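Peer 1: the following block contains a protein sequence and its predicted model.
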Amino acid sequence: MQNKKPFRVIISGGGTGGHIYPAVAIANELKVRQPEAEILFVGAKGRMEMTRVPEAGYKIIGLPIAGLQRRLTLKNLTFPFKVISSVRAARQIVKDFKPNAVVGVGGYASAPVLFAATSMGIPSLIQEQNSYAGITNKLLGKRVNKICVAYAGMSAFFPADKVILTGNPVRQDIVGSQNKRSEGLAFFGLKPGKPTILVIGGSLGARTINESTAAHLKEIQQKGYQLLWQTGKTYYPKAAEQTATLVETGIKSFEFIQRMDLAYATSDVVISRAGALSISELCLVGKPAILVPSPNVAEDHQTQNALALVNNQAALLVKDVDAATQLYPAAFALLQDKPQQELLSGNIQKLAKPEAAQTIVGELLKLIK
Ligand SMILES: CC(=O)N[C@H]1[C@@H](OP(=O)(O)OP(=O)(O)OC[C@H]2O[C@@H](n3ccc(=O)[nH]c3=O)[C@H](O)[C@@H]2O)O[C@H](CO)[C@@H](O)[C@@H]1O
């Protein structure tokens with residue numbers, strides 16, 4: 001299929017920030033290298049990408065696709081129909097947009113779009129964020145041309161000749177966030193002299209981390225610390241109530257933080273889930289971190305993500321089951337211990353891959369040419 005310039009690229013996938021933001025980072029880098037390129041996102045109706053992608057300045061179309069529920073529910077009866085209509089819709093989108101290449105970043109929409117594109121012979125690339133590949137990406141790996149990964153040893157899941165170790169692409173504003181501390185303090189209304197804890201529960205929030213944080217709010221205040229606490233949608237109304245009288249002392253809760261670059265820049269210690277993108281971002285910003293891997297993800301891959309850091313003395317780990325008793329004692333101890341902060345910060349920075357977006361876009365452009 002011959003296209004006239006400017007060339008066109010579809011980026012498909014989403015579901016959570018860990019899939020959406022690498023996609024945005026790839027799109028941004030593509031725009032830097034090829035300002036004329038037309039980029040279309042394809043996501044899943046009702047999921048986070050349908051708001052976050054337009055916020056980042058890109059057009060998105062939603063497919064009716066949804067996941068299969070692990071429990072037996074009536075919703076599962078509609079699953080095959082949603083898959084069929086999504087595959088049809090994906091084929092039509094690919095036919096209409098006539099992309100020169102298609103990128104898949106994981107999440108529900110990735111599969112039908114890449115399936116359609118590869119069956120039409122359109123060059124394609126997958127970006128796999130985790131150290132463990134799910135079933136969909138394993139199947140797609142056989143069909144696509146290239147697979148950009150963030151961890152060594154991924155040829156256990158994919159054909160070795162297609163795998164390229166690039167790292168996870170991180171948004172440029174986060175890559176350059178080191179010098180934004182005063183901007184961050186002003187943005188969040190915090191004081192320069194007080195140490196700040198940043199709490200992030202992945203893009204959807206984390207119940208255990210939220211509960212431990214709620215239980216320690218008084219102590220955080222008494223110790224003179226500030227807090228930026230991202231709770232996710234479900235917990236936010238409760239957290240907003242719990243922090244209402246503490247806001248003046250620099251203890252603040254958020255459903256979602258748009259300016260993660262400023263949140264990282266402002267913080268002294270970070271408490272976080274161990275999603276692949278959070279890990280990649282923490283490496284780039286070089287923050288001392290305590291990771292609490294989610295126990296609810298496939299093959300316990302967040303523990304694997306976290307251990308890659310912990311085994312290099314680049315982060316601390318508190319298990320989800322121990323969070324209630326151990327998380328904040330560990331955070332308070334770390335805030336008191338400058339040498340430990342410096343050790344973790346130095347080591348975590350060594351694992352950063354700041355060129356990931358550039359390398360991936362380089363591979364994509366090679367495919368198009
Ligand atoms: C529960 C679940 O399935 N988690 C998976 C999901 O992670 P999930 O999306 O939760 O988390 P990640 O840590 O990978 O990425 C979060 C992304 O959202 C951004 N962010 C987060 C909070 C916020 O308030 N504002 C904001 O912008 C972060 O900066 C980051 O870019 O995808 C990851 C990548 O495939 C996986 O490793 C995780 O295991």
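Peer 2: Everything's here; your move.

Peer 1: give me the beta-bridge partners of residue 101?
Peer 2: Bridge pairing for residue 101 (DSSP bridges) gives the partners residue 9.

Peer 1: that one contacts residue 364, correct?
Peer 2: Yes: counting by Cβ atoms under 8 Å, residue 101 does reach residue 364; the two are 5.8 Å apart. Any C-beta I mention is one placed from the backbone N, CA and C, and that applies to glycine too.

Peer 1: so what touches the lengthiest helix in the chain?
Peer 2: What stands out as the longest helix in the chain, according to DSSP state H, is helix 75-97. Identification of contacts with helix 75-97 by Cβ atoms under 8 Å, 6 or more residues apart in numbering yields 8, 10, 12, 40, 42, 61, 63-66, 68-69, 102, 109, 112-113, 115-117, 120, 122.

Peer 1: let's go with 10 Å and repeat that
Peer 2: Residues outside helix 75-97 that contact it (Cβ atoms under 10 Å, 6 or more residues apart in numbering): 1, 8-10, 12, 38, 40, 42, 44-45, 61-70, 73, 99, 102, 108-120, 122.

Peer 1: and those, which of them are in helices?
Peer 2: 110-119.

Peer 1: tell me the one among those nearest to residue 228.
Peer 2: residue 110 (31.5 Å; Cβ to Cβ).

Peer 1: report the contact partners of the closest one.
Peer 2: Neighbour list for residue 110: 11-15, 19, 23, 42-44, 65, 90, 102-104, 126-127, 136-137, 140 [criterion: Cβ under 10 Å, 6+ apart].

Peer 1: pull the helix or strand of the chain with the lowest mean pLDDT out as PDB, backbone CA atoms only.
Peer 2: Lowest on mean pLDDT, DSSP states H and E among the helices and strands of the chain sits helix 75-97, with a mean of 84. The C-alpha coordinates for helix 75-97 follow below in PDB (Å, rounded to 0.1, in the frame of the first residue of the first chain):
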ATOM      1  CA  LYS A  75     -20.600  -9.400  31.400                       C
ATOM      2  CA  ASN A  76     -18.500 -12.300  30.100                       C
ATOM      3  CA  LEU A  77     -21.400 -13.400  27.800                       C
ATOM      4  CA  THR A  78     -21.000 -10.200  25.800                       C
ATOM      5  CA  PHE A  79     -17.200 -10.700  25.500                       C
ATOM      6  CA  PRO A  80     -17.100 -12.600  22.200                       C
ATOM      7  CA  PHE A  81     -19.400 -10.100  20.600                       C
ATOM      8  CA  LYS A  82     -17.200  -7.200  21.800                       C
ATOM      9  CA  VAL A  83     -14.100  -8.900  20.400                       C
ATOM     10  CA  ILE A  84     -15.700  -9.600  17.000                       C
ATOM     11  CA  SER A  85     -17.000  -6.000  16.700                       C
ATOM     12  CA  SER A  86     -13.700  -4.600  17.800                       C
ATOM     13  CA  VAL A  87     -11.700  -6.600  15.300                       C
ATOM     14  CA  ARG A  88     -14.100  -5.400  12.600                       C
ATOM     15  CA  ALA A  89     -13.900  -1.800  13.800                       C
ATOM     16  CA  ALA A  90     -10.100  -2.100  14.000                       C
ATOM     17  CA  ARG A  91      -9.900  -3.300  10.400                       C
ATOM     18  CA  GLN A  92     -12.000  -0.400   9.200                       C
ATOM     19  CA  ILE A  93      -9.900   2.100  11.100                       C
ATOM     20  CA  VAL A  94      -6.700   0.700   9.600                       C
ATOM     21  CA  LYS A  95      -8.200   0.700   6.100                       C
ATOM     22  CA  ASP A  96      -9.400   4.300   6.500                       C
ATOM     23  CA  PHE A  97      -6.300   5.800   8.100                       C
END
